[in-house]
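**Q** model this:
(one chain, ligands or ions: 1)
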Amino acid sequence: MYNPSSKGFKRICCYMLNRIHSASTLFLCILVGFLIFAMPSVSAQMSGQEAILETNDQKWAIALHGGAGYVSPDMPEERKKRYMAALDSALTIGVDILETGGSSLDAVEQTVRFLEDNPLFNAGRGAVFTSEGKNELDAAIMDGSQMNAGAATGLKTVKHPISLARIIMEESRHILFAGDGAEQYADQTTIERVDSEYFKVPARYEAWKRANESQGYLESQPDNGWKMGTVGCVAVDKTGRLVAGTSTGGMTNKRYGRVGDVPIIGSGTYADEQVAVSATGWGERIMLNVSAHRLASHMRYTGANLDESMDYLVYELLNEGEAGFIAVDRDGNISMETNTGSMFRASQSEGGEKTVAIWK
Ligand code: ASP
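**A** I've put the predicted structure just below:
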């Protein structure tokens, strides 16, 4: 039994008090350290989006194209104005989304949808005709931040192929649907459908008849404008998310079942965490060079910047008259080049100049 007045007991008490004192000092040090070092990151995580915006100097940027090919600079003034106005309006849609903190995925989809509705362009409503006088539409979208993509080819009744591509990316476990399978997949969604007559725009139909009469499939003479009109958009948003989307009717008088570069991930459409690319032009040549991915891998493996990588693709890999591309990189740089003489295009970046152009 302990005697509370004994010396031994007092010594034990003193020892215990000392221990408690140094333990509480240690506890205090840990607490202060936690407050100084750990709290800021915890609070940053807890406040999510705001925390990202506070520390983020990421710039948004967007570029779009409405097809590459050869268009004479003598194009009637009124027609030129219609193209320029359409490109400008499409750009405004994407810019408004990005400026107000929206995602590059929405910006790309909405911009492309607008162009799909405009019969001036070879996508959606204005799609060109196949050798059988029908319309078969292709589209793809890729989200570089997720390394995820969706695509469809040979669509006949989908009003906005780019939106079907997005649904495929987000909801399906596959990437590319073709023909009847793509239409069947669309049946299971709420995506807007149209009668195939919707795509029968008279100007396109006449162009097809002319091409058909002259057996014009894959005409590569750069003076007939056969390639113009595919649409595409690439964007990076305030979180650094890079997205590319492309939509097309393909090439005038293409054979039944022909698949071009647009829905082939890495050829006509590609995005990763560093760059987003969309192509337009002669699909077979674009595919043979795995073009969009080639630009991305040139940047990645050689350390070349966006413009240098674009030049390598457009002027070294591909031949004159074959294709044009738009791309944005993670830092908000924009590059738009064609070796065909002209490309309908527009772009803008945060704090930067707006470009709307057809020729050099
Ligand atoms: N690249 C598209 C295709 O070959 C055509 C185009 O860009 O005009 O399907």
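**Q** Which other helices and strands does the helix or strand where residue 93 lies contact?
**A** Element membership for residue 93, per DSSP states H and E: helix 77-99. Under the contact criterion of 3 or more Cβ pairs under 8 Å, 6 or more residues apart in numbering; DSSP states H and E, helix 77-99 touches strand 61-69, helix 104-117, strand 231-236, strand 342-349, strand 355-357. For glycine as for every other residue, the C-beta is placed from the backbone atoms N, C-alpha and C.
**Q** got the residues of this structure near the ligand?
**A** Along the chain, the residues adjacent to the ligand under the rule Cβ under 6 Å from any ligand atom are 67, 122, 227, 229-230, 248, 250-251, 260-262, 268, 280-281, 283, 286.
**Q** wait, doesn't residue 137 sit right on residue 248?
**A** Yes: if you go by Cβ atoms under 8 Å, residue 137 and residue 248 touch, sitting 7.1 Å apart.
**Q** Show me whatever sits in contact with both of these two.
**A** Among the neighbours of residue 137, those also in contact with residue 248 (Cβ atoms under 8 Å, 6 or more residues apart in numbering) are 123, 127.
**Q** one step back: and which of the residues of the chain next to the ligand is nearest residue 197?
**A** Closest approach between these and residue 197, by Cβ to Cβ: residue 122, at 17.6 Å.
**Q** measure the residue in the stretch 51-200 of the chain that the ligand sits nearest to to residue 130 for me?
**A** Closest to the ligand within the stretch 51-200 of the chain is residue 67: 5.1 Å, counting by Cβ to the nearest ligand atom. Distance, residue 67 to residue 130, by Cβ to Cβ, to the nearest Å: 18 Å.
**Q** So for those two, which sits in the more crowded spot?
**A** Ranked by neighbour count (other Cβ atoms under 10 Å), residue 67 and residue 130 place residue 67 first, with 28 against 23.
**Q** Could you verify my assumption that the more buried one touches residue 340?
**A** No: with contact taken as Cβ under 8 Å, residue 67 and residue 340 are classed as non-touching, separated by 9.4 Å.
**Q** can you pull the contacts of the residue sitting nearest the centre point of the chain?
**A** The centroid of the chain falls nearest to residue 244 when counting by Cα atoms, centre = their mean (1.4 Å). Residues in contact with residue 244 (Cβ under 8 Å, 6+ apart) are 108, 141-142, 144, 232-234, 269-271, 276-278, 292.
**Q** Could you look up the SS state of it?
**A** Classification of residue 244 by DSSP: H, G, I helix; E, B strand; the rest coil places it in strand.
**Q** Just list whatever residues bridge to it.
**A** In this entry, residue 244 is beta-bridged to residue 142, residue 234, by DSSP bridges.
**Q** Residue 323 too?
**A** residue 281.
**Q** Same check on residue 248?
**A** Here residue 248 sits in beta bridges with residue 138, going by DSSP bridges.
**Q** ok, it - contacts?
**A** Neighbouring residues of residue 248 by Cβ under 8 Å, 6+ apart: 122-123, 127, 137-139, 229-231, 260, 262, 268, 280.
**Q** now do 10 Å
**A** Residue 248 makes contact with 67, 116, 121-124, 127-128, 136-140, 153, 161, 229-232, 260-263, 268, 279-280, 283, according to Cβ atoms under 10 Å, 6 or more residues apart in numbering.
**Q** go on, residue 205?
**A** Residue 205 touches 128-129, 133, 135, 199, counting by Cβ under 10 Å, 6+ apart.
**Q** In PyMOL, how would I select just the buried ones from these?
**A** To isolate in PyMOL the members of the contacts of residue 205 that are buried, counting by 16 or more other Cβ atoms under 10 Å, one can use:
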select buried, resi 128+129+135+199
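**Q** can I get the contacts of residue 205 in TSV with distance to residue 84, pLDDT and secondary structure?
**A** Converted to TSV, the contacts of residue 205 look like this (distance: Cβ to Cβ, whole Å; pLDDT from 0 to 100; DSSP: H, G, I helix; E, B strand; the rest coil):
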residue	distance to residue 84	pLDDT	secondary structure
128	22	91	coil
129	26	91	coil
133	31	92	coil
135	26	95	coil
199	24	94	helix
